[in-house]
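Asks: Sharing a model that was predicted from the sequence below.
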Amino acid sequence: MSQGNMNLTLKVWRQKNSQTSGKFVTYKAEGISPDMSFLEMLDVVNESLTRKGDEPIYFDHDCREGICGSCSLYINGRPHGPKRAITTCQLHMRSFSDGETITIEPWRSAAFPVIKDLGTDRSAFDRIQQAGGFISVNTGGAQDANAILIPKVVADEAFNSATCIQCGACVAACKNASAMLFVSAKITQLGLLPQGQPERYSRVQSMVAQMDAEGFGNCTNTGACEAECPKEITLMNIGRMNNDYYSAKLFREERAHEHTGGEN
Amino acid sequence: MSLDAKIPQGPLAEKWSKHKFNLKLVNPANKRKYDVIVVGTGLAGASAAASLAELGYNVKSFCFQDSPRRAHSIAAQGGINAAKNYQNDGDSVYRLFYDTIKGGDYRAREGNVYRLAEVSVNIIDQCVAQGVPFAREYGGLLDNRSFGGSQVSRTFYARGQTGQQLLLGAFSALNRQINLGKVKMYTRTEMLDVVIIDGHAKGIVTRNLITGAIETHSGHAVLLATGGYGNVFYLSTNAIGSNVTAAWRAHKRGAYFANPCYTQIHPTCIPVTGDHQSKLTLMSESLRNDGRVWAPKTKEIAEKLRKKEITAAQVKEDERDYFLERKYPSFGNLVPRDVASRNAKEMADEGKGVGTSGLAVYLDFAEAIERMGEDTVRAKYGNLFDMYYQITDENPYKQPMRIYPAVHYTMGGLWVDYNLSTNVPGLYAMGECNFSDHGANRLGASALMQGLSDGYFVIPYTLGDYLATIGPKPVDKNHPAFEKTKQDVIAYNNKLLALKGNKTVVEYHRELGHIMWEYCGMARTAEGLTKAKAMIKALKADFWKNAILTGENDEVNAALERAGRVADFIELGELMVTDALNRNESCGGHFRLESQTEEGEALRDDENYAYVAAWEFRGEDQEEVLHKEELVFENVKLTQRSYK
Ligand SMILES: Cc1cc2nc3c(=O)[nH]c(=O)nc-3n(C[C@H](O)[C@H](O)[C@H](O)COP(=O)(O)OP(=O)(O)OC[C@H]3O[C@@H](n4cnc5c(N)ncnc54)[C@H](O)[C@@H]3O)c2cc1C
Ligand code: SF4
Ligand code: FES
């Protein structure tokens, strides 16, 4: 191990599984290099726990470069830690100071139950998308890509919404545990593009219905989600989603019923 | 056993369409009687699962992440190739085919590569129809850029997040089929073995990563789309979870492993700075479109830079060596990855490397910023610059980036024929987990293309042929092979859990990585490889004696997951070294110091090595047996690769 000079105290949420209750346990993280990422710091702690025969701290992670949306730590009271517009895996120890005490918790939301320690179950997000967050097109036979012209400004705007990594920080940050920022990002991406028009109004209704069924809270425009989102998804998306939702409710209710499952 | 690649006869351009016509079809009413297992939800797996479900098959889809959308494909940055010739700059299916064959140093099959180039055109159409927000020009048309190893602009991209956007497209197609009930999705589920009955793959054994339950699943065919094995090197650009277990366990059940020694080292990564790193981050190769690569001309200046006595900006123009532009005037900074990587290593070896470790060269945007303005550079590469800043704490708008090669992609994988079938009937491999389309080196933006080609456009046809042959009779789940394989897995896991030594699994992984990088990395010699083989054998023995594992099976146990993967990496590492030793030539990403041209380029030996090396597992601690598939070139002439 390359040795650094930072020594930290960690207060970590430990919870064996979803059936048991959890508690904070204090650990020392010693010889930490400021160039390490936050997760690499936890790796070091886990190595020493393992050597002692203690169970390492469980947390979700994979890409370690801010794109897969796995990592999900609540650090000193904030999702993904103290810095704006980055994920936990992109957070480096130089953002902390030697001797500091750091509190680490899992995402806090009833819709994201704890699986173990710092890992939570975010499958509700997948179910919302399965309810209609797609364009119904079969493989093969698609027309030439340039036959669909999309102005650059529209493509860029759709892209901005498409950058959501499904991490769930928005829900964790929200006092109502609302999933609106996440859901609206998908709805906006598809709703802005010409390909997304045929199912635009049925989509918003089925996704919102599923979101409610999963037990997420309502949006009261606090804006904590936007402030904590690592991909800087804006509240404008929620505005667009509400707009489509009410349009659908008021004028297009009949369309919603066209979107049914079944054999295909 | 002979290796029949089943490449269709006839002219190159007609092979695939003729083959498609000749393949047997499954009657639509019968499709729902077939169960198909797809392991992996990256570009290859998600696109295959969705397409097969659309056709009417019952699909069971598996991944170890908590959501299919987190598969490693999400991390691809630069773009995806397609021979659309929208730019009117002379691209064509044949040119993409030719570039890919040449880029792979003539170690790939003509038939496969031509099909890939042919299908590439449909991939973009498919993705756009799904709502993938590719970059557009002001008129609303798709934008393109160029990538290493090519002189045309054929790469489609979505800022620096092409992989994420393509995967979200495939994920949404998968979600639609889950909603329709045609795909059953198993997340946080790891495949640990294949069930083989009468020589055919009929199911898999999995571990539920939440409860630890070891379960069996049956299907008429098993499709592996489980990605590459770059993490055998410990440090790579791959996601931490990427591993070889599914392919390796299939190998131990009889599937041949082809060309394991072909590793791609990517030239533009954030350098190693110390032992604390758990992975190396890739900076997209597209940066080489506008960034210029250089090292100081003399060791003295390099020394001053390393000691931070001067800054890069203080090095005068005539003291800089733009070595790629100097040595390869027609491709310049856009030479293929193996060439760019080796040249960077050469600079470091000559003492001209920069950064505190000396293991880096510069990628400089000063001139691009002057030419296009900082805003344009920001619009094109902003997120990559931010990422670099985040990791290194250095501002690339103000000073050049430091880059160095890192392990990135593995061209080897399970041997498959033209139909993507392994030599075990009913067992298929797609995407990075097969060996088939890139030869000894992969050109940029071609892996995404291959994953989606396999999943959307190849397997939906070729699988049907097999299924029609075996018929829709249900798989017998009571066959003893299911229980037997399950018990094997349980016994293996228990053996791991019983390890109560004093060295962590991560330490073994890091040690393996050091051996692989040192002796089977950017340059290899017979002597080094022989040494490495003995070292890996010793490491393996030590692992099974002195490793320490914590926790139990019946709970979330990341240590157990990791241990199984590292144990497989150790075994694979030995085979990689064996393969590299056998291949007494240089080609693409496999560079044997004994075999180079006077100019230091990879020197092939077509007389003796124009074959695919497919290895057969014969039992624990026995030498693997080599089978050769001769490569036949009817359309391209094998020439010394040159990018001058
Ligand atoms: C940083 C980076 C940037 C890249 N950029 C580009 C680029 O710009 N252009 C390009 O063409 N290529 C690029 N590549 C390469 C490309 O991303 C990969 O080759 C490609 O995405 C692999 O896709 P795949 O579907 O084969 O596998 P993966 O996306 O790796 O998916 C593997 C899947 O298998 C599952 N899996 C694995 N093992 C098991 C198991 N035992 N049980 C259950 N599930 C399992 C995983 O859960 C996952 O779903 C890049 C690669 C990296 C690392
Ligand atoms: S909207 Fe932002 S915070 Fe919410 S899931 Fe997407 S990326 Fe994460
Ligand atoms: S580990 Fe992928 S976003 Fe952090």
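Replies: On my side now, so go ahead. Ligands and ions are numbered 1, 2, ... in the order given.

Asks: what does the helix or strand harbouring residue B:461 rub up against?
Replies: Using DSSP states H and E, the secondary-structure element containing residue B:461 is helix B:459-470. Contacts made with helix B:459-470 from outside it, assessed by C-beta atoms under 8 Å, 6 or more residues apart in numbering or on different chains, are listed as A:139-140, B:20, B:23-26, B:34, B:36, B:48, B:51-52, B:55, B:57, B:200, B:220-221, B:223, B:418-421, B:425-426, B:428, B:430. Any C-beta I mention is one placed from the backbone N, CA and C, and that applies to glycine too.

Asks: In strands, which of those appear?
Replies: The strands, defined by DSSP state E, take in B:36, B:200, B:221, B:223, B:428 from these.

Asks: which residues of the stretch 1-150 of chain A score low on pLDDT?
Replies: Across the stretch 1-150 of chain A, residues meeting the criterion (pLDDT under 70) sit at A:1-3.

Asks: rewinding a little: in the helix holding residue B:461, which residues are buried?
Replies: Along helix B:459-470, these residues count as buried under the neighbour rule (16 or more other C-beta atoms under 10 Å in any protein chain shown): B:459, B:460, B:461, B:462, B:463, B:464, B:465, B:466, B:467, B:468.

Asks: Mind splitting chain B into its structural domains?
Replies: Following the TED database, one finds the domains of chain B at B:266-407, B:480-630.

Asks: and those as TSV, adding distance to ligand 2, mean neighbour count and mean pLDDT?
Replies: Rendered in TSV, the data for these read as follows (distance: least, C-beta to the nearest ligand atom, whole Å; neighbours: other C-beta atoms under 10 Å in any protein chain shown; pLDDT from 0 to 100):
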stretch	distance to ligand 2	mean neighbour count	mean pLDDT
domain B:266-407	14	19	93
domain B:480-630	23	18	97
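
Asks: Show me where the stretch 51-200 of chain A has its strands.
Replies: Assigned by DSSP state E, counting those that start in this stretch, the strands in the stretch 51-200 of chain A fall at A:73-75, A:78-79, A:101-106, A:114-116, A:119-120.

Asks: Mind putting those into a markdown table with mean neighbour count and distance to ligand 1?
Replies: Written out in a markdown table, the entries for those read as follows (neighbours: other C-beta atoms under 10 Å in any protein chain shown; distance: least, C-beta to the nearest ligand atom, whole Å):
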| stretch | mean neighbour count | distance to ligand 1 |
| --- | --- | --- |
| strand A:73-75 | 23 | 21 |
| strand A:78-79 | 22 | 24 |
| strand A:101-106 | 18 | 22 |
| strand A:114-116 | 22 | 17 |
| strand A:119-120 | 25 | 16 |
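
Asks: Looking at those strands, spot the one closest to chain B.
Replies: Shortest separation from chain B across the strands of the stretch 51-200 of chain A is recorded for strand A:114-116, at 4.2 Å, computed as C-beta to the nearest C-beta.

Asks: Please state the offset of the closest one from the chain centre?
Replies: On the basis of C-alpha atoms, centre = their mean, to the nearest Å, the separation between the geometric centre of strand A:114-116 and that of its chain is 16 Å.

Asks: Could you do stretch B:546-565 as well?
Replies: On the basis of C-alpha atoms, centre = their mean, the separation between the geometric centre of stretch B:546-565 and that of its chain is 26 Å.

Asks: which ones among the contacts of helix B:459-470 are found in helices?
Replies: B:20, B:48, B:51, B:52, B:55 (DSSP state H).

Asks: For ligand 3, find the nearest of the strands of the stretch 51-200 of chain A.
Replies: Nearest of these to ligand 3, taken as C-beta to the nearest ligand atom: strand A:73-75 at 9.4 Å.

Asks: wouldn't residue B:552 be in contact with residue B:494 here?
Replies: No. Counting by C-beta atoms under 8 Å, residue B:552 sits too far from residue B:494 to count as a contact (10.2 Å).

Asks: Whether the helix ranked longest in chain B contacts ligand 3 - can you check?
Replies: Counting by DSSP H, the longest helix found in chain B is helix B:558-582. No. Figure legend: helix B:558-582 not in contact with ligand 3 (C-beta under 6 Å from any ligand atom); closest approach 13.8 Å.

Asks: Are that helix and chain A in contact anywhere?
Replies: Yes. Part of helix B:558-582 sits near chain A under the criterion C-beta under 8 Å from any C-beta of the partner chain, namely B:558, B:559.

Asks: roughly how far out does that helix sit from the chain middle?
Replies: The chain centre lies 16 Å from the centre of helix B:558-582; the measure is C-alpha atoms, centre = their mean.

Asks: tell me what it is packed against?
Replies: With contacts taken as 3 or more C-beta pairs under 8 Å, 6 or more residues apart in numbering or on different chains; DSSP states H and E, helix B:558-582 sits against helix B:245-252, helix B:480-497, helix B:505-520, helix B:526-546, strand B:611-616.

Asks: Any chance of JSON lines for these, columns distance to residue A:40?
Replies: Listed next are the helices and strands packed on helix B:558-582 as JSON lines, based on distance: least, C-beta to C-beta, whole Å:
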{"stretch": "helix B:245-252", "distance to residue A:40": "24"}
{"stretch": "helix B:480-497", "distance to residue A:40": "25"}
{"stretch": "helix B:505-520", "distance to residue A:40": "11"}
{"stretch": "helix B:526-546", "distance to residue A:40": "23"}
{"stretch": "strand B:611-616", "distance to residue A:40": "35"}
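
Asks: Of the ones you listed, which is nearest ligand 1?
Replies: Taking C-beta to the nearest ligand atom as the criterion, ligand 1 comes closest to helix B:245-252 out of those, the separation being 3.8 Å.

Asks: CA atoms only for the closest one - export them in CSV, please.
Replies: Only the C-alpha atoms of helix B:245-252 are listed here, as CSV (Å, rounded to 0.1, in the frame of the first residue of the first chain):
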residue,chain,number,x,y,z
THR,B,245,-15.9,-16.6,-14.1
ALA,B,246,-18.8,-17.5,-16.4
ALA,B,247,-16.6,-18.1,-19.4
TRP,B,248,-13.9,-19.9,-17.4
ARG,B,249,-16.4,-22.3,-15.7
ALA,B,250,-17.8,-23.0,-19.2
HIS,B,251,-14.2,-23.6,-20.4
LYS,B,252,-13.8,-26.1,-17.6
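
Asks: Which residues outside that helix are in contact with it?
Replies: Applying C-beta under 8 Å, 6+ apart, the external contacts of helix B:245-252 come out as B:39-40, B:190-194, B:224, B:226, B:229, B:255, B:257, B:413-414, B:422, B:424, B:427, B:429, B:433, B:564-565, B:568, B:571-572, B:615, B:617.
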